[in-house]
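Colleague: structure of the sequence below:
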Amino acid sequence: MVATTSHAPTPLLSVLAVPFRAVGNFFMAVAEASSLHHRVEKLSALSDEELAAKGLAREDIVSHVFRNYI
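Modeller: Predicted coordinates:
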């Protein structure tokens with residue numbers, strides 16, 4: 001009985017690109033987190049009346065900003 005397997009070698013450039021992709025993804029995540037933090041800070045600086053005009057309460061700021069991630 002003969003068994004054959006086909007395994008194509010991974011191209012070298014593909015292997016070398018992995019750490020660069022990881023670093024790029026890291027910096028994208030940091031930039032996004034910074035943007036979200038900036039939004040929380042901006043809303044936190046508003047008065048309770050200004051927040052109410054936007055339909056927010058102070059205790060809801062974080063959940064509002066991070067609603068797509070929770």
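Colleague: torsion angles phi and psi at F66?
Modeller: phi -100, psi 20 (degrees, to the nearest 10).
Colleague: ok, and the closest non-adjacent residue to it?
Modeller: Using CB to CB, 6 or more residues apart in numbering and skipping the chain neighbours, the partner closest in space to F66 is L36 (6.5 Å). From N, CA and C alone the C-beta is placed, and that goes for glycine too.
Colleague: which elements pack onto the strand or helix carrying the one you found?
Modeller: When elements are assigned from DSSP states H and E, L36 belongs to helix 12-44. When contacts are defined as 3 or more CB pairs under 8 Å, 6 or more residues apart in numbering; DSSP states H and E, helix 12-44 sits against helix 61-65.
Colleague: list the buried ones in the helix it packs on?
Modeller: By neighbour count with 16 or more other CB atoms under 10 Å, helix 61-65 contains the buried residues I61, V65.
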